[in-house]
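1. coordinates only, sequence not included:
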């Protein structure tokens with residue numbers, strides 16, 4: 001796994017294009033740019049994370065609509081589906097479909113916002129990201145290796161700072 005230096009202009013343009021594609025097929029969804037590519041000047045894998053919020057009963061249906069429109073449906077679990085673009089072998093974006101205003105929605109936005117405002121949190125997370133990227137080429141392992149620092153950082157700021 002390789003991290004690259006900030007390409008915020010490119011990442012913002014990629015997000016905007018994907019958000020427009022999603023809005024065309026899911027016009028009632030809320031769409032946000034999340035993850036490290038949404039943090040100015042931050043090192044990241046070259047994959048844009050997109051958060052799509054829908055009603056609780058619509059997560060699976062929304063994932064199927066996105067899949068039918070060309071996104072690669074990689075997996076689903078309760079109240080969360082994830083897809084990639086153009087596909088899981090050559091990701092340029094990962095789309096997370098979750099319940100709008102649900103726990104996943106709030107935590108993912110809270111983490112993005114924490115990284116945007118807190119240099120110490122950015123440094124701590126970046127150290128873990130670099131170690132995870134150096135240790136694996138597997139997306140699942142990479143994500144798992146970062147999970148505890150994400151939880152720790154969010155727990156430290158508490159639920160009052162989670163965005164609704």
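-> Perfect, I can see it now. Everything quoted here is computed from the prediction, not taken from an experiment. Residues are numbered from 1 along each chain as shown.
2. check which helix or strand covers residue 111.
-> helix 103-117 (DSSP states H and E).
3. Show me how far the very next helix or strand once past that helix is from its chain's centre.
-> The element immediately downstream of helix 103-117 (helix or strand, assigned by DSSP H and E) is helix 119-135. Relative to its parent chain, helix 119-135 has a centroid offset of 16 Å by Cα atoms, centre = their mean, to the nearest Å.
4. Can you name the element that comes right after helix 119-135?
-> Counting by DSSP H and E, what follows helix 119-135 is helix 139-157.
5. Can you mark which positions in the helix holding residue 111 are buried?
-> For helix 103-117, the neighbour count (16 or more other Cβ atoms under 10 Å) marks 104-115 as buried. Heads up, the C-betas are built off the backbone N, CA and C, glycines and all.
6. Same question for stretch 137-147.
-> Those would be 139, 142, 145-146, for stretch 137-147 by 16+ other Cβ under 10 Å.
7. again with stretch 83-97
-> 83-85, 91, 93-97.
8. Could I get the phi/psi values of residue 97?
-> phi -100, psi 120 (degrees, to the nearest 10).
9. Per-residue confidence, the closest residue to residue 56 other than its chain neighbours, what does it come out as?
-> Counting by Cβ to Cβ, 6 or more residues apart in numbering, the nearest residue to residue 56 once its immediate chain neighbours are dropped is residue 99, at 4.7 Å. What the model reports for residue 99 is a pLDDT of 98.
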